[in-house]
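A.B. asks: heads up, no residue letters with this:
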């Protein structure tokens, strides 16, 4: 794809702003309190925008339009559960995290139960985040590779290197402010594509909508079917509620943002802003896919062949490269949006993995106090280390062109998210239930069962339990086993049991 001077100007401006913002907000890092939590002084609106940027990622930017183009709007059914999950996080989990004054959410598990539960929760976060962010990196790299016709391996390595550089330098403040800017960039790019398609697709729009409807492209809700139908509304409602509670409430990658706000009220506000903004954003990207379908229906000679496309998730990048007009700057804006979607998910994962490694492993297991300078150096080294791991995951799955990346990411993270959410709910909903060592047994057996179930179903092609139920089963398994065991020791930290609820009332 050839880029005009206008495209290069847009791309250059994007990268210049990213570098400037990262330098400005990361230039005075003196302690891990600043590096990991931004001194708890970050504005709730900027935090809300950064959560949007991280959560949507390249999987949304290229995956959701592909879902609508190749299928329909079924993905939108997950929004109701997504909204409900965020409400429950704001009411149940955030008060305990702020009450415990934690740097990572796994510190809360240590306050409430003890070191074994804390360590296991941290390890599960590592597993889920490395796999999930590896898929996100692969999705972005597939798109960039398709647009520029670059070797996929070098795209993965290059994207990781860029994110590692500014994340290691600037910490959470650089991540939050660059992500807020990147959210504006890729949402602006999506709106620009919508306006372009409205202008280019011929015919009356009532007729075009009728064409899309008759082709099944506007189908949203599936009300009938068995409980193993992974597109049934009620199944996805339960799944999305539990999955979002786990993803935003027990995953340091996203929860870390809310903890940078000055107090719980503003942390909750940032989360609810994200909840209300989710519906129009998802609709925006689904609309792109439907309108691309109408465009190629009107201009079939421009439609890519399966051989040319190579992977169904490359349809939107192919559209950017071959349909958007040269010289207008639109290609540059959409490529900036694609870079933004890629960088915003990758940088936050690196920051969260680093903060968890230093706070929950390096400092406790070193066995002696360390200076803030020592801790900052360790944090930056861990950013580089986890960057290499994420690139490795993306490269490992790069040759599997059969992967449906959007849904595959949900499936893999569902294996561990249930165990994590179950033990967090055990902490905030009970006062004397759960025991440190036994919680580990509950979490590990939950994951072992789900992994065995996934492997069995893949090898035998015999569907026993559909994947949306995995995270629900993992949550119930862990919580139920934990409730069965009592702990007579009363932990008096502000992040435990009834004291967390008392603290929330007074906040």
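C.D. replies: Received it, and whenever you're ready, just let me know what you need. The shown structure was predicted, so the numbers you read here are calculated from the model rather than taken from an experiment.
A.B. asks: need the pLDDT of residue 435.
C.D. replies: According to the per-residue confidence, residue 435 scores 90 in pLDDT.
A.B. asks: which ones are touching it?
C.D. replies: Contacts for residue 435 (Cβ atoms under 8 Å, 6 or more residues apart in numbering) come out as 113, 482, 485-487. For glycine as for every other residue, the C-beta is placed from the backbone atoms N, C-alpha and C.
A.B. asks: restricted to helices, list the residues you listed.
C.D. replies: Mapping these onto helices (DSSP state H) picks out residue 482.
A.B. asks: pick out the most distant pair among the contacts of residue 435.
C.D. replies: The largest separation in the contacts of residue 435, counting by Cβ to Cβ, is between 113 and 486 at 12.2 Å.
A.B. asks: what about the helices in the stretch 1-150 of the chain?
C.D. replies: Using DSSP state H, counting those that start in this stretch, the helices of the stretch 1-150 of the chain run over 5-26, 32-37, 44-58, 64-70, 78-88, 94-99, 105-112, 115-148.
A.B. asks: for residue 233, which of the ones you listed is the nearest?
C.D. replies: Among these, the nearest to residue 233 by Cβ to Cβ is helix 78-88 (8.1 Å).
A.B. asks: rounded mean pLDDT for the closest one, please.
C.D. replies: For helix 78-88, the per-residue pLDDT values average out at 90.
A.B. asks: which elements pack onto it?
C.D. replies: Applying 3 or more Cβ pairs under 8 Å, 6 or more residues apart in numbering; DSSP states H and E, we find helix 78-88 packed against helix 233-249, helix 264-298.
A.B. asks: what separates it from the chain centre, distance-wise?
C.D. replies: Computed by Cα atoms, centre = their mean, to the nearest Å, the separation of helix 78-88 from the middle of its chain amounts to 15 Å.
A.B. asks: neighbouring contacts of that helix?
C.D. replies: Contacting residues not belonging to helix 78-88 are listed as 236-245, 248-249, 271-272, 274-276, 278-279, 282 [Cβ under 8 Å, 6+ apart].
A.B. asks: which non-adjacent residue is nearest the residue most central in space within the chain?
C.D. replies: Centre of the chain computed as the mean C-alpha position; nearest residue by Cα atoms, centre = their mean is residue 55, 3.6 Å away. Nearest residue to residue 55 in three dimensions, chain neighbours excluded: residue 254, at 6.5 Å (Cβ to Cβ, 6 or more residues apart in numbering).
A.B. asks: helix/strand/coil for that neighbour?
C.D. replies: Secondary structure assignment for residue 254 (DSSP: H, G, I helix; E, B strand; the rest coil): helix.
A.B. asks: can you pull the contacts of it?
C.D. replies: 51, 54-55, 247-248, 348, 352.
A.B. asks: try 10 Å this time
C.D. replies: For residue 254, the residues meeting the contact criterion (Cβ atoms under 10 Å, 6 or more residues apart in numbering) are 50-51, 54-55, 89, 105, 129, 244, 247-248, 271, 274, 348-349, 352.
A.B. asks: would you mind measuring from the closest residue to residue 241 other than its chain neighbours to residue 88?
C.D. replies: Leaving out its chain neighbours, the residue that sits closest to residue 241 by Cβ to Cβ, 6+ apart is residue 81, at 3.9 Å. Distance of residue 81 to residue 88, given as Cβ to Cβ, to the nearest Å: 10 Å.
A.B. asks: comparing those two, which residue is more hemmed in?
C.D. replies: More crowded of residue 81 and residue 88, by other Cβ atoms under 10 Å: residue 81, with 23 against 16.
A.B. asks: my read is that residue 178 contacts residue 165, right?
C.D. replies: No: at 11.8 Å, residue 178 does not count as touching residue 165 under the criterion of Cβ atoms under 10 Å.
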